[in-house]
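Enquirer: got a predicted model here, sequence first, then my questions.
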Amino acid sequence: MTDERGGYNIGKIRELLTAAFTPEELRRFCMDRTIFRPAVAQFGPKYNLSDMIDELIDYCQTRLLWKEFLAGVAEANPRQYALFEAELGEMRLPRMMNRLSGQINPRYAGTGTKVVKERERDVVGSLLTFLEDRRLLTASSGYQSHFPDHLRLSAEAIRKRTNDALQQVGRDSVLTPILKRIQTAARAFQEATEGAMDGARAGGGLTPYLPMGRREFQTSLAEYRQEMAEGMIQAAAICGFELDPDFLASFEEGQQSLRW
């Protein structure tokens with residue numbers, strides 16, 4: 001079975017957890033990590049390892065926590081994680097893009113009674129239109145490498161616009177974790193590239209001033225773009241939207257160039 005919202009192979013994740021933990025170790029794993037501590041409250045007194053794994057899988061599915069969860073498992077038991085890593089099935093961007101075509105049910109799978117309200121859908125539609133026009137996500141890597149001022153200002157605009165959207169949809173919306181992901185990615189990029197500026201402002205012509213180094217700057221940019229695009233794709237899928245194919249193509253082209 002595959003989690004359609006994240007592309008993860010649930011069967012393989014279950015096998016990984018069975019091989020990597022005893023019941024006591026899995027409980028300790030959750031207690032040691034604040035983000036997973038609430039799941040322990042769902043463990044019944046007679047739960048065996050299989051029961052605990054089922055609860056954790058449901059917890060991660062409904063809260064979009066696969067990335068954080070698997071990173072924790074890799075840290076806790078790197079040997080077992082390495083044996084299963086190739087089969088866990090994390091969905092990369094090209095595969096995620098393909099899933100946006102066709103009819104998409106706006107009901108968020110795995111949340112039971114939570115349905116996207118029309119007002120929330122309108123808010124996200126407006127935000128996605130705004131994000132699709134961001135040069136930070138669509139411009140060539142050459143532009144991005146030479147004009148950090150614009151990228152940092154764009155990240156600030158994205159944070160403000162996403163914060164507005166969060167206030168409009170409210171804390172209990174199924175879309176809130178996704179919007180927070182976009183907001184957090186913008187903040188992380190700003191912090192990672194603190195001090196970077198255009199060459200003209202730094203007195204160096206077209207050569208940008210990158211105190212963290214070009215490679216680290218490009219890595220931070222690629223990670224930010226990836227988080228942004230995945231958040232946009234998740235939000236679009238939940239609301240039944242299709243992202244602009246030209247935007248998706250430009251994004252992927254830029255990511256490839258940043259990886260070189």
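Expert: Happy to help now that I have it. Residues are numbered from 1 along each chain as shown.
Enquirer: show me what the longest helix along the chain is packed against.
Expert: Selection of the longest helix in the chain by residue count, based on DSSP state H, yields helix 214-239. Applying 3 or more Cβ pairs under 8 Å, 6 or more residues apart in numbering; DSSP states H and E, we find helix 214-239 packed against helix 93-98, helix 118-132, helix 135-138, helix 141-146, helix 148-169, helix 176-192, helix 245-259. The way it works is simple: take the backbone N, C-alpha and C, and place the C-beta from them, glycine included.
Enquirer: contact partners for the residue nearest in space to the middle of the chain?
Expert: Centroid-nearest residue in the chain: E227, 4.4 Å away (criterion: Cα atoms, centre = their mean). Taking Cβ atoms under 8 Å, 6 or more residues apart in numbering, we find E227 in contact with R181, I182, T184, A185, A188.
Enquirer: returning to what we had before: identify each buried residue in the longest helix of the chain, please.
Expert: Using 16 or more other Cβ atoms under 10 Å as the test for burial, helix 214-239 gives 217-218, 220-222, 224-239.
Enquirer: and the angle from it to helix 148-169?
Expert: 30 degrees (axes from the mean of the first three to the mean of the last three Cα atoms, to 10 degrees).
Enquirer: what's the average pLDDT for helix 214-239?
Expert: For helix 214-239, mean pLDDT is 84.
Enquirer: by how many degrees do it and helix 118-132 diverge?
Expert: Computed by the same axes, to 10 degrees, the angle between helix 214-239 and helix 118-132 is 150 degrees.
Enquirer: centre of the chain to helix 214-239, how far?
Expert: 7 Å (Cα atoms, centre = their mean, to the nearest Å).
Enquirer: pLDDT weak spots in the stretch 51-200 of the chain?
Expert: 89-115, 139-146 (pLDDT under 70).
Enquirer: one more pass at 90, please.
Expert: Low-confidence segments of the stretch 51-200 of the chain, defined by pLDDT under 90, are located at 58-68, 70-72, 74-75, 77-119, 129-155, 171-174, 189-200.
Enquirer: circling back to that earlier point, mark which of the contacts of E227 are buried, thanks.
Expert: R181, I182, A185.
Enquirer: is the first one in contact with L64, as I believe?
Expert: Yes: the pair formed by R181 and L64 meets the contact definition of Cβ atoms under 8 Å, at 7.5 Å.
Enquirer: can you check the distance spanned by stretch 30-42, start to finish?
Expert: 12 Å (Cα to Cα, to the nearest Å).
Enquirer: which residues does the residue lying farthest from the centre of the chain contact?
Expert: Centroid-distance maximum for the chain: G203 at 36.4 Å, with Cα atoms, centre = their mean. By Cβ under 8 Å, 6+ apart, the contact list for G203 is empty.
Enquirer: quick one: it from L166, how far?
Expert: Applying Cβ to Cβ, to the nearest Å, the value for G203 to L166 is 39 Å.
Enquirer: what does D32 give?
Expert: 29 Å.
Enquirer: same question for D246.
Expert: 27 Å.
Enquirer: the two: which has the busier surroundings?
Expert: L166 (19 against 10; other Cβ atoms under 10 Å).
Enquirer: quick check: the more buried one touching I182?
Expert: No: L166 is beyond contact range of I182, at 9.4 Å (criterion: Cβ under 8 Å).
Enquirer: what about A249, neighbour count?
Expert: With other Cβ under 10 Å as criterion, A249 counts 12.
Enquirer: same question but for F43, I mixed them up
Expert: Neighbour tally, F43, other Cβ under 10 Å: 16.
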